[in-house]
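S.K.: Need coordinates for the following:
(one chain, ligands or ions: 1)
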Amino acid sequence: MKTFDALFAELSEKARVRPEGSGTVAQLDAGIHAIGKKIVEEAAEVWMAAEFQTDEQTAEEVSQLLYHLQVLLLAKGLTLDDVYKHL
Ligand SMILES: N=c1c2ncn([C@@H]3O[C@H](COP(=O)(O)OP(=O)(O)OP(=O)(O)O)[C@@H](O)[C@H]3O)c2ncn1[C@@H]1O[C@H](COP(=O)(O)O)[C@@H](O)[C@H]1O
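M.R.: Below you'll find the predicted structure:
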């Protein structure tokens, strides 16, 4: 099972290698504004799932929000340690 840190390592590698067909590369190329909109959209989906859908659907929406937050970190050149030091 993939962890938060393992996903960030995978996405960092995608950003470095820029493989053909990577959605992450496409998101990074779309820029901060587009990534930010995606985060807001996914956050709303988390809220709606938590209120009206199943626990499984809620967990899936949370995973998507976490993914897009990681893409934003990469777009900004931030690391997980930059975040962890505030936890
Ligand atoms: N964990 C994720 C992940 N979570 C969410 N997403 C993206 O977020 C979208 C979720 O959006 P929604 O379900 O709301 O559907 P949607 O609004 O129709 O989506 P889009 O129209 O925006 O594509 C998905 O379509 C993916 O593009 C993810 N994309 C990739 N990953 C993982 O990231 C890694 C690298 O992926 P690639 O860069 O694509 O190789 C792989 O391990 C993937 O499993």
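
S.K.: Would you map the helices across the protein?
M.R.: Here the chain has its helices, by DSSP state H, at 4-17, 23-30, 32-52, 55-76, 80-84.

S.K.: and those as a markdown table, adding distance to the ligand?
M.R.: C-beta: built from backbone N, CA, C; applies to glycine. As requested, the helices of the chain are arranged in a markdown table below (distance: least, Cβ to the nearest ligand atom, whole Å):
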| stretch | distance to the ligand |
| --- | --- |
| helix 4-17 | 5 |
| helix 23-30 | 3 |
| helix 32-52 | 6 |
| helix 55-76 | 3 |
| helix 80-84 | 15 |
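
S.K.: any chance of those helices in JSON lines, plus mean pLDDT?
M.R.: What follows is the helices of the chain, written out as JSON lines (pLDDT from 0 to 100):
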{"stretch": "helix 4-17", "mean pLDDT": "98"}
{"stretch": "helix 23-30", "mean pLDDT": "98"}
{"stretch": "helix 32-52", "mean pLDDT": "98"}
{"stretch": "helix 55-76", "mean pLDDT": "98"}
{"stretch": "helix 80-84", "mean pLDDT": "97"}
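
S.K.: Dump those into JSON lines; add mean neighbour count as well.
M.R.: Below are those laid out as JSON lines (neighbours: other Cβ atoms under 10 Å):
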{"stretch": "helix 4-17", "mean neighbour count": "14"}
{"stretch": "helix 23-30", "mean neighbour count": "16"}
{"stretch": "helix 32-52", "mean neighbour count": "14"}
{"stretch": "helix 55-76", "mean neighbour count": "17"}
{"stretch": "helix 80-84", "mean neighbour count": "11"}
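
S.K.: and the end-to-end length of stretch 65-84?
M.R.: 17 Å (Cα to Cα, to the nearest Å).

S.K.: Check the offset of that stretch from the chain's centre.
M.R.: 7 Å (Cα atoms, centre = their mean, to the nearest Å).

S.K.: Then stretch 41-58?
M.R.: 16 Å.
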